[in-house]
Structures are given as structure tokens and as C-alpha cells.
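1. Below are the sequence and a predicted model for it; my questions follow.
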Amino acid sequence: MGLKDKYAIVGVGYTPQGRVPDRTALSFHVEAISNAIKDAGLRREEVDGLICYRHFPPLGGEPDVTPYLVAQHAGLVPRVISQEANCARSQLLNAMGWLDAGLCNYVVISYAHNPLSGGRSFGQRTDNYTKAVFGQFGATSGYAMAARRAMHTFHTGPDTWKHIAVGQRKWANLNPVAVMNDHTMTYEDYFSSRWVVEPLRLFDNCLVTDGGRAYIVTSVERAKALQHPVVTVMGIGQHNPALEIEQATNMAGPTGARLSGETAFAMAGITLDDIDACEIYDCFTYTVEITLQDYGFFKPGEGESWFEGGTIEPGGRMPVNTSGGQLSEAYFMGLTQITEATMQLMGRCGERQLGLQTNTKKPEIILCSDNGGILQTHSTVILRRL
Amino acid sequence: MDVSYQKPLPQPNADDRFFWDGCKKHTLLFQKCRNCGLVRWPPSIICPVCYSQDTEVIEASGKGKIYTYAIYHQVYHQGFRDEVPYVTAVIELEEGPHFLSNIVGCEPDNVECDIPVEVVWEDITPEFSLPKFKPVL
Ligand SMILES: [Zn+2]
């Protein structure tokens, strides 16, 4: 397929993350964007595409974060701009399309939010009254329903998910910017965390994070002229089952990960055996299990034994979510995964760097996933160091 | 009827007003495609399978089984403060549609996927009644 290894990620932008009071969402966007542009070694005048990944209603007193307002504050005059309103998770595919159409040379993709200090969660919306009248709120309940149906369909449950929560926490303990860097987690800690919406406990839930993240996409030719090792998009796929959880019948698999993964692997021309590590969208522990299962790492119900023995941890045979992920590093939707994979492939991850120092394979190819809604949208990205 | 009802209320729209009008009479009404026979929820102007707009409204039996469920321990809305732990569930109705509701008349720990349930009506205000479901013993 025509897009294999044609486009590359050339810069990553971070901001302070965690509980960061007295900061607007807009300020995180522009800080992440400016850091990504500096990290790539570009001038802002060269960046001609902007995608703001996900729109959230502004907090009281804050401006609505439109992509044109972000462009203004970041000093950008892009040829093309856009913003995802909800959870389509197609930002990288869109950026590659603009590049492939010859409309842009460098596209910056940014995510930013201030829900923690702003006292805002994903759970309080009552805009869908057909759910709210019965007390159904937030994302945890939807994934709880998916996880419950999975428990009814194949062997899974907290004894499987504890490996994900604890394994990712061990990565976070190696990552100085991870929100949970200073907090270890044992299986006992996992089981003693409170129920949020059963069968999901607090430690099955991702973090709520103030902060932002951004990265820059360009052609491989341009990437070769820049300062970092070249990290290309080897394969990309999407699939969107689309049904609300209240109507879905694929919540125990196959989710969108199946066809999305097949599409990305076909483009890359590789198999699971070629994957050195995974950065899997982890809004909840169950999401990690079902995604890896649908990608084919193990058969339905065999997750617990696959995870057992530290498979995904430092030193494990298939490292997963090496920054701590959204469960233990920070929640920036799919940008947590893509940026961590990029940094690992560039060899810039310090104490948590895959390779000799974490007793893992030096990574050449990393598999990333992103999904939105309640398993309604799915994106797969395979990155490699050229 | 509780005049100080603190939970969110239905806000019927042009697509689903017939459903809530039915609930008020303790009838569970769904659209059925006259072309292919699909009974659908949520309501829509077209059948998502065959695109026919030829639609009739049928009364469902109110019987079904629990497809999946969730037990709320966290309070997301003050109207539910005194109800935790409560159960939301997806009911697979005999006629086909999956419908989100609550499981009542049963301890949360006794709820299971695939157990049979039937509708019970809760009159929440003079205008609205909610279809909820209880296990059939
Ligand atoms: Zn039809």
C-alpha cells in the first residue's frame, strides 16, 4: 500500500502534567505545540497544518478552544486546520492525507485539557437523557458493561486486569514525568481499590490529567534532514463498529481492533512476531486486554495466562504501555501512545528506555492503538525506526 | 408519585415522543420496519438495515433477558445519591431491540447476564413513567 514508510513523526511536545492548577486548556495546547516544533528543530513558519485533537467545552471564563484560536496563540498561519469534535481518532490519518495531497509539509497534532484542576470529569454529562434517566453516566459504566459481557463470554475479570494495572505502574515508576511515578502498586493494592462501576475498580480506570501533548508529522524525505532518528508510519488502519454500547453485540470482541489491526499489518507487511512493544489505548484495563486479544496476541480467555509472569512489565517479553500509559502516566487520549512509541523508537526514554537497561529488546517496531466512544472507533498505528 | 423527583427526566424529541407517550400508558412501544421486519431502538426515520421509511409501531411483550449490566458504586448525579449500589443493564428484548434500563427487585450481587426479566413500571412524575426490569423467578 502506498502510505507505508512515507510519513514520519519528527518531534514531540510535552507540558507539565498531572494536577496543574491555574492553567487554561488553551495554554497547554500552545505550550505543547511550541515544544513539539522546537523539538523537531523547525521554525513555526514552516508548520502549515494544525489538528487539534478533540474539542471540549471550555470551563467558565476560558475561551472556546478552536483550532484557529490555538493557531493564533501559537503564531501559526496553517494552510489546513481541523479539530475532532468527539472520538473519531483519525487525526494521524488526516494529517497523512493532507501531506499526501501536497497541501502541507509539516502537520502538528495537539491535545490539551484541564479537567482535573477544573473539577470536570467525563462522567457528569447528562446530554443523552435516555441514559441519564436510568442513572447511566460516563465512560466507566459503558466499559464496565463491555467487561461484564466479556466475563460472561470468556475467561476474564479482575485476575486478568490486575496484571495490566500493576504492569503499567511498574513502567510509570521508571518515568519521572508519570503522574504515578512515586506510587508503586501491588496486586493487593489493586484489589483493595474501590469499585467505581463494578466490575471496574478505581485502578482499572485511566487518570484524569491536566496538560497537553503534541507531535509533528512530515514526509520521510523531510524527516531525514531533521535532527532525530527517523520514525515512520509503517502501517495504519481504522475500523468503526460505531454502535452505542447499549446496542452493541461485539463488546466481548471482535471490536474495531480486529479489522483495524488487519489493515495496518497488511500495509506494513509484517506479523505480530515483528512487534517489539505495544502502546495500547488504555482508558480501562479491559480495553488493553480486548485490544491485544483482537490483534491476535492470545485467544479469547487466554489473557490471564498470557499476562502472567510479567509479560508486559520491564524485562517482559512484550512490553506494553512503557510510559505507564493512561492508567499511570497521563491521559492525552491517543497521543499518550503515539508520542511514547516515537520517543522509544528515537531512544530518548531515559530510565524506561526499551533495550538493555530494561532487559528488553531494543525496539525497531512498535504497535500503537487508539479507540474512542465505548469501543465504537478504533485506530491502529505501526511505527518503526527507519 | 414523588413530586420532588431529583433525577434527570426524559426530554422527548420528534423521533422518540411516541415511546414516552406509550410509557405513560405502561406500554412499551417500538418501531417495526414494514419492509424487512426489524424492530428498532433507538427510533429513527429510516430502517438502518433496508432504508425503508415504511414503519409501524408495535407493543413489545416487556419480556427479555439481561445482555449485560453494570453496578454503580460511585455517585455521578445527586439524584442517585441514595440509590448506590444500583444496577443499569442492557435488556435484550424478545422482539430484538437492546434497551438500557435498571434492574430492580433484586440484589445487585444476584444479577447475571442472560437471566430472564420482565418490565415493571415506575411512575416518576405525572408526565413520565420509566420502564424498569425485574428478574422473572
Ligand atoms: Zn427494514
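-> Right, received. Where do you want to start? All values reported here derive from a predicted model rather than from experimental measurement.
2. drop to CA atoms for contacts and neighbour counts, all remaining ones
-> Fine.
3. and the longest strand belonging to chain B, how far from the chain's centre?
-> Among the segments of chain B that qualify as a strand by DSSP state E, the longest is strand B:63-72. Taking C-alpha atoms, centre = their mean, to the nearest Å, the mean C-alpha location of strand B:63-72 is offset from the chain mean by 11 Å.
4. Just checking: what are the partner strands of that strand?
-> Strand pairing for strand B:63-72, determined by DSSP bridges: strand A:195-198 (antiparallel), strand B:86-93 (antiparallel), strand B:116-123 (antiparallel).
5. which one of the ones you listed is the most hemmed in?
-> Highest mean neighbour count among the strands paired with strand B:63-72 (mean count of other C-alpha atoms under 10 Å in any protein chain shown): strand B:86-93, with a mean of 25.
6. elements contacting the following helix or strand past that strand?
-> Downstream of strand B:86-93, the next assigned helix or strand under DSSP states H and E is strand B:98-102. Strand B:98-102 sits against helix A:129-132, strand B:86-93, strand B:129-135, with contacts defined as 3 or more C-alpha pairs under 8 Å, 6 or more residues apart in numbering or on different chains; DSSP states H and E.
7. With only the CA atoms kept, save strand B:98-102 in PDB.
-> Backbone C-alpha positions of strand B:98-102 (Å, rounded to 0.1, in the frame of the first residue of the first chain) are rendered in PDB as follows:
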ATOM      1  CA  HIS B  98     -31.400  -3.800  23.100                       C
ATOM      2  CA  PHE B  99     -32.800  -1.300  25.700                       C
ATOM      3  CA  LEU B 100     -30.900   0.400  28.500                       C
ATOM      4  CA  SER B 101     -32.700   0.400  31.800                       C
ATOM      5  CA  ASN B 102     -32.400  -0.600  35.500                       C
END
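8. Identify the residues contacting that strand?
-> Outside strand B:98-102, the residues that touch it by C-alpha atoms under 8 Å, 6 or more residues apart in numbering or on different chains are A:130-131, A:134, A:246-247, B:41, B:86-93, B:131-133.
9. returning to what we had before: specify the angle between the longest strand of chain B and strand B:98-102 in degrees.
-> Here strand B:63-72 points in a direction 50 degrees away from that of strand B:98-102 (axes from the mean of the first three to the mean of the last three C-alpha atoms, to 10 degrees).
10. For strand B:63-72, the averaged confidence score.
-> Across strand B:63-72, pLDDT averages out at 98.
11. Can you name the residues that contact residue 63?
-> Going with chain A. Residue A:63 sits in contact with residue A:26, where contact means C-alpha under 8 Å, 6+ apart.
12. hm, I was asking about chain B
-> B:93-94, B:116-119.
13. next one: residue A:338
-> A:279, A:368, A:381.
14. Mind doing that once more with 10 Å?
-> A:9, A:12, A:92, A:214-215, A:279-281, A:344, A:366-370, A:381-383 (C-alpha atoms under 10 Å, 6 or more residues apart in numbering or on different chains).
15. where's it, which helix or strand?
-> helix A:335-346.
16. Would you mind identifying the next helix or strand past that helix?
-> Counting by DSSP H and E, what follows helix A:335-346 is strand A:365-372.
17. Using neighbour counts, pick out the buried residues of the helix or strand following that following strand.
-> Next along the chain after strand A:365-372, taking DSSP H and E as the criterion, comes strand A:377-385. Within strand A:377-385, the residues scored as buried using 16 or more other C-alpha atoms under 10 Å in any protein chain shown are A:377-385.
18. Quick check: chain neighbours aside, which residue is closest to residue A:296?
-> Leaving aside its chain neighbours, residue A:296 sits nearest to residue A:272 (7.7 Å; criterion: C-alpha to C-alpha, 6 or more residues apart in numbering or on different chains).
19. That neighbour and residue A:309: what is the separation?
-> Residue A:272 is 20 Å from residue A:309, where distance means C-alpha to C-alpha, to the nearest Å.
20. Now do the contacts for residue A:263.
-> Neighbouring residues of residue A:263 by C-alpha under 10 Å, 6+ apart: A:235-239, A:257, A:269, A:379-381.
21. Now the buried members of the residues you listed.
-> Using 16+ other C-alpha under 10 Å, the buried members of those are A:235-239, A:257, A:379-381.
22. all strands for chain A, in order.
-> Using DSSP E, strands in chain A cover A:7-14, A:49-52, A:80-83, A:106-113, A:195-198, A:200-201, A:211-219, A:231-239, A:277-279, A:365-372, A:377-385.
23. circling back: for the ion, which of the strands paired with strand B:63-72 is the nearest?
-> Of all the strands paired with strand B:63-72, it is strand B:86-93 that lies closest to the ion, at 18.0 Å by C-alpha to the ion.
24. Pull the distance from the closest one to the chain's centre.
-> On the basis of C-alpha atoms, centre = their mean, strand B:86-93 sits 8 Å off its chain's mean C-alpha point.
25. Tabulate the strands paired with strand B:63-72 (a markdown table), appending mean pLDDT.
-> Below are the strands paired with strand B:63-72 laid out as a markdown table (pLDDT from 0 to 100):
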| stretch | mean pLDDT |
| --- | --- |
| strand A:195-198 | 98 |
| strand B:86-93 | 98 |
| strand B:116-123 | 98 |
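26. Show me how chain A divides into domains.
-> Annotated domains of chain A cover A:7-119+A:210-223, A:129-207+A:229-385 [automatic domain parsing].
27. Now render those as TSV, adding distance to residue B:16.
-> Below are those laid out as TSV (distance: least, C-alpha to C-alpha, whole Å):
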stretch	distance to residue B:16
domain A:7-119+A:210-223	24
domain A:129-207+A:229-385	10
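28. Without its sequence neighbours, what residue ends up closest to residue A:35?
-> Residue A:35's closest residue in space is residue A:13 (C-alpha to C-alpha, 6+ apart), at 4.4 Å.
29. What's the separation between residue A:57 and residue A:279?
-> From residue A:57 across to residue A:279, the span is 28 Å (C-alpha to C-alpha).
30. Which one's more surrounded, these two?
-> The residue with more neighbours, out of residue A:57 and residue A:279, is residue A:279; 27 against 10, by other C-alpha atoms under 10 Å in any protein chain shown.
31. Show the model's pLDDT score for the more buried one.
-> What the model reports as pLDDT for residue A:279 is 98.
32. Contacts only, for it.
-> Residue A:279 touches A:288, A:319-325, A:334, A:336-341, A:366-370, A:381-382, counting by C-alpha under 10 Å, 6+ apart.
33. you'd agree residue B:40 is up against residue B:30?
-> Yes - contact criterion C-alpha atoms under 10 Å: residue B:40 and residue B:30 qualify, at 6.5 Å.
34. what is in contact with these two at once?
-> Each of B:57, B:95, B:97 lies in contact with both residue B:40 and residue B:30 under the rule C-alpha under 10 Å, 6+ apart.
35. now residue A:93: how far from residue A:379?
-> 9 Å.
36. what do these two both touch?
-> With contacts defined as C-alpha under 10 Å, 6+ apart, the residues adjacent to both residue A:93 and residue A:379 are A:236-238.
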